[in-house]
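*Asks:* A structural model of the following input is requested.
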Amino acid sequence: MATADYLSAADLKAALSGGLLNEDVRQQVYNLGKGIPTPFTDLAGSGTFKNSYSEWTQDDPQDVDLNNAVIDGADAGAPDDAVGTRSGNHAQISDKVASSTQRAENVSSIGNVGSLAYQTAMRTNDLRRDIEAIALTGQASVADNGDSTAGKSAGFSAVCVSNDSLGTSGTATGFNTSTKVVAVVVAGESRALTLAMIRTAVEAIYNKGGNPSVLMSRPPVTKAIGTFLLSSSGAPYRAAPTANVSGTAPANQTAQGYVDVIVTDFGVTLKIVPNRLQQTYQSVDSPEVASADVFLIDPDYVELAYLYGYKVEDLAKLGLSNRKQITTDWMLRVLREDAHAVIRDIDGTQAVTA
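*Replies:* Predicted coordinates for the structure are as follows:
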C-alpha cells in the first residue's frame, strides 16, 4: 500500500483523451512470410515461352536388342530412326495489386508499412508463394479465351501419371494429345503412406531412365517418414541416431530427431523436403479427409517457364492514391513426366509403415 498519493504511471495512463504516456512501439514489422521458402520453384529449372500454349518434344531410347549381331561384310540393314512425341501446357497469368493513398505514403507508419514500396515488395513475395502452391496441385490446364475464361497451367500432380499411385476411386489421366489439355486429378480414398509405396515409385522411375533426387510433401508427411525411419518399426531400414554432432562428449550433445535423406535400392539418394506451401485436398471418404501428395522429383526434367518474368507496373492514378500491379505470365513444364512419381491421397495424420 502506497504511503503517499504520488503521481504514478497508472495516473498518466488513465488521463482523459487517451492518457499522457507516449506509446512504445518498435519501428519494425515482423513478417513470417519472408521466411517461407519456395523449394519447388528453387529446384525447378527456369525457361521461357513465346505463346500462351507451349509444347516440347520427348524421345526415348530404343529397347535393348539381344539379337544385335551382323555378319562380317554385310550391308547395313533397315534404318533405326524414330521420332519423339510432343507434350504441352497452357500459360497462366497471376497477379497482385499494391496500393497506397498519398496520406498513407507520407505519414510516419510503423515499419513504413503504409508506403507503396513496402506493399509492392510484400505482394511480390505473396505472388511467388501463390505460384509455388498452384504449380504442385492437380489442377487441369485451361486455354485462355480472352473473355470469360482465364488460362491455367496444369499442376505437377496432374501431369505426372506414368508412375503414380492412387487411392481407391482416384483418377489422373495427364496430357491428352488430341485435346492438348491436361485433365484435373480426381481424389481417391485417403490412406497411410508406406515405405513400399516409395520404393515401388523409385523403381518405376529408375526403370524408365529417371533419377529422382527429391522427395517432397507436406510437413506432416515428411515428419511421419522420419518418425518411422527412426523408430524400431522402421527395421531393417531404420536410421541410427547420432549421439554427438560436432562436439566432444560429454559436452555439446545434440539430439537428432529427424531423417533428411533416403538412400534407395537403385543408387539414387532422395532428399526429404517438407513444403509448407503445398496444399491438401479433400478425399472421397465420408467424412472427407485432408489428403496430400508425395512427389518424387528429378529436377533435370521440370521447369517453371515465364513469358516476361515478374513485372511491376503503375496503374492509372485514381485521385489521392497510387496503385501498382505485379504480374507474371508463367507455365509449368514437366519435360518428362515419367521421370517423376506421385503417390496420391496420403493422410498425413496416419503413421508411415513398411
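*Asks:* all strands of the stretch 201-350 of the chain, in order?
*Replies:* Secondary structure of the stretch 201-350 of the chain by DSSP state E, counting those that start in this stretch: the strands cover 214-217, 261-263, 269-274, 281-282, 290-297, 302-314, 321-334, 341-346.
*Asks:* nearest to residue 94, of the ones you listed?
*Replies:* Residue 94 lies closest, by Cβ to Cβ, to one member of those: strand 321-334, at 6.0 Å. Just so you know, the C-beta spots here come from the backbone N, C-alpha and C atoms, and that holds for glycine as well.
*Asks:* mind pulling up the pLDDT for residue 30?
*Replies:* Listed pLDDT for residue 30 reads 62.
*Asks:* on that earlier part again, between the strands of the stretch 201-350 of the chain, which gets the lowest average pLDDT?
*Replies:* Among those, strand 261-263 has the lowest mean pLDDT, at a mean of 89.
*Asks:* how about the helices in the chain?
*Replies:* Under the criterion DSSP state H, the chain contains helices at 9-14, 39-43, 102-106, 116-135, 156-159, 195-208, 219-230.
*Asks:* ok, which of the ones you listed comes nearest residue 325?
*Replies:* helix 116-135 (9.3 Å).
*Asks:* okay, the angle between the closest one and strand 302-314?
*Replies:* If you take axes from the mean of the first three to the mean of the last three Cα atoms, to 10 degrees, helix 116-135 sits at 150 degrees to strand 302-314.
*Asks:* tabulate the CA atom coordinates of helix 116-135 in PDB.
*Replies:* Taking C-alpha atoms only, helix 116-135 is exported to PDB below (Å, rounded to 0.1, in the frame of the first residue of the first chain):
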ATOM      1  CA  LEU A 116       3.800   1.700 -51.800                       C
ATOM      2  CA  ALA A 117       7.300   0.300 -51.900                       C
ATOM      3  CA  TYR A 118       6.700  -1.800 -48.800                       C
ATOM      4  CA  GLN A 119       3.300  -3.100 -50.100                       C
ATOM      5  CA  THR A 120       4.800  -3.900 -53.500                       C
ATOM      6  CA  ALA A 121       7.600  -5.900 -52.000                       C
ATOM      7  CA  MET A 122       5.100  -7.800 -49.800                       C
ATOM      8  CA  ARG A 123       2.700  -8.600 -52.600                       C
ATOM      9  CA  THR A 124       5.500  -9.800 -54.900                       C
ATOM     10  CA  ASN A 125       6.500 -12.300 -52.300                       C
ATOM     11  CA  ASP A 126       2.900 -13.300 -51.900                       C
ATOM     12  CA  LEU A 127       2.700 -13.900 -55.700                       C
ATOM     13  CA  ARG A 128       5.700 -16.100 -55.700                       C
ATOM     14  CA  ARG A 129       4.100 -18.300 -53.000                       C
ATOM     15  CA  ASP A 130       0.900 -18.500 -54.900                       C
ATOM     16  CA  ILE A 131       2.700 -19.900 -57.900                       C
ATOM     17  CA  GLU A 132       4.600 -22.400 -55.800                       C
ATOM     18  CA  ALA A 133       1.400 -23.700 -54.400                       C
ATOM     19  CA  ILE A 134      -0.500 -23.700 -57.700                       C
ATOM     20  CA  ALA A 135       2.300 -25.500 -59.500                       C
END
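*Asks:* any idea how far it is from the middle of the chain?
*Replies:* Put simply, helix 116-135 sits 14 Å off its chain's centre (Cα atoms, centre = their mean, to the nearest Å).
*Asks:* cool, stretch 48-57 as well?
*Replies:* 22 Å.
*Asks:* going forward, count from 18.
*Replies:* Shifting the count to begin at 18 puts that one at stretch 65-74.
*Asks:* who touches that stretch?
*Replies:* Residues outside stretch 65-74 that contact it (Cβ atoms under 8 Å, 6 or more residues apart in numbering): 101-108, 160-161, 168, 197, 322-324, 348, 350, 352.
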